[in-house]
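> pasting a predicted model and its sequence here:
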Amino acid sequence: MRNPPVNSLSLEFLTELLISLEKLENDKTFHGIIITSDCPGIFSAGLDLTEMCGRDPEHYAEYWKAVQEMWLRFYLSNLVVIAAINGVSPAGGCLLSLTCDYRVLANNPKYAIGLNETLLGIVAPFWFKDTLVNTIGHRSAERALQLGLLFPPAEALRVGVVDQVVPEDQVQSTARLVMAQWLDIPDHARQLTKTLMRKPTADRLLTERDADIQNFVRFICKDSIQKSLHAYLEKLKQKKG
Ligand SMILES: CCCCCCCC/C=C\C=C\CC(=O)SCCNC(=O)CCNC(=O)[C@H](O)C(C)(C)COP(=O)(O)OP(=O)(O)OC[C@H]1O[C@@H](n2cnc3c(N)ncnc32)[C@H](O)[C@@H]1OP(=O)(O)O
């Protein structure tokens with residue numbers, strides 16, 4: 001991912017990600033992809049706050065549809081998808097990694113990962129929640145979501161948000177080793193098993209997709225939510241000054 005400075009998932013970047021995924025899926029010489037970051041120290045800052053702040057309802061609806069599409073397409077991809085997480089990964093950045101089949105995280109205490117939406121005064125939608133529950137179980141997910149926990153590497157491994165923590169200079173090589181193991185499995189059997197495991201979760205969003213967009217638009221348009229997102233963005237900008 002190369003969307004400096006922080007790989008935020010803007011509408012344009014999400015569209016590029018989806019086009020890239022589609023191209024790779026349509027090229028039958030590809031069997032797997034490794035998602036990693038070109039921004040030093042940052043895997044992805046998550047959803048782009050500027051797409052959710054000070055825009056009109058039509059824009060929010062279009063943006064949310066793209067976020068849903070990203071989740072659906074990566075979560076259900078027939079390719080083996082591995083996240084080589086070489087930086088901090090809050091909220092939507094964590095969600096993107098949770099769509100992958102395997103997560104390797106660099107062992108740097110700054111590289112926290114988690115769904116921290118509540119800390120921003122927002123609520124992780126049900127499909128964010130379902131993805132986390134499927135990964136770490138109900139009790140751990142409930143605690144992590146309510147408290148908006150961002151896990152440092154050792155904790156992330158203990159709770160199961162990531163599958164492996166390795167020294168920073170070994171993230172890419174480890175992801176490639178893991179990819180080789182996954183690609184050794186007969187493709188059709190692995191793909192069908194992935195579908196079996198993930199389709200019920202994806203189907204829930206597919207059947208409630210329009211309602212989920214409407215909920216998002218209603219929620220994000222609230223004055224109180226706009227105020228807190230605006231204040232949060234300002235705080236991020238002032239950090240430098
Ligand atoms: C009732 C149920 C209804 C259901 C409703 C559902 C509602 C759900 C709604 C939303 C869900 C959202 C999920 C998300 O993903 S929200 C985004 C969460 N992300 C964050 O909190 C991360 C914020 N960023 C940071 O913490 C830092 O930027 C960090 C990634 C740690 C990098 O730090 P650093 O290297 O120091 O860089 P800066 O902070 O200086 O940032 C550089 C510039 O980038 C801008 N920035 C940062 N993050 C974002 C972002 N997520 N979106 C847009 N822009 C971002 C930052 O403002 C700086 O900008 P500038 O250079 O102009 O000052």
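Thanks, I have the structure now. Just so it is clear, the model here is predicted, and its values are computed rather than measured.

> how about low-confidence regions in the protein?
Residue ranges of the chain with pLDDT under 70: 240-241.

> can you give me the strands in it?
Using DSSP state E, the strands found in the chain span residues 32-35, 41-42, 80-85, 87-90, 102-106, 113-114, 164-166.

> CA atoms only for the fourth one, dumped as PDB, please.
Taking only C-alpha atoms (Å, rounded to 0.1, in the frame of the first residue of the first chain), the coordinates of strand 87-90 have been written out as PDB:
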ATOM      1  CA  GLY A  87       3.500  -0.500  11.200                       C
ATOM      2  CA  VAL A  88       0.700   0.800  13.400                       C
ATOM      3  CA  SER A  89      -2.700  -0.500  12.400                       C
ATOM      4  CA  PRO A  90      -5.700   1.100  14.100                       C
END
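
> hmm, who's touching that strand?
Residues outside strand 87-90 that contact it (CB atoms under 8 Å, 6 or more residues apart in numbering) are 37, 39-46, 97, 106, 110-114, 116, 150. (C-beta placed from N, C-alpha, C; glycine too.)

> near the ligand, from these?
Of the entries in the contacts of strand 87-90, the ones placed beside the ligand under the rule of CB under 6 Å from any ligand atom are 42, 45, 46.

> what's the spacing between the second one and residue 151?
When CB to CB, to the nearest Å is the yardstick, residue 45 and residue 151 sit 16 Å from each other.

> one more: residue 49?
22 Å.

> what does residue 182 give?
In this structure, residue 182 and residue 151 are separated by 24 Å, where distance is defined by CB to CB.

> with residue 7 instead?
19 Å.

> ditto for residue 17
In this structure, residue 17 and residue 151 are separated by 24 Å, where distance is defined by CB to CB.

> more neighbours, these two?
Neighbours per residue, other CB atoms under 10 Å: of residue 17 and residue 151, the larger number sits with residue 151, 23 against 20.

> so what's that one closest to, chain neighbours aside?
Beyond its immediate neighbours in the sequence, the residue positioned closest to residue 151 (CB to CB, 6 or more residues apart in numbering) is residue 114, lying 5.1 Å away.
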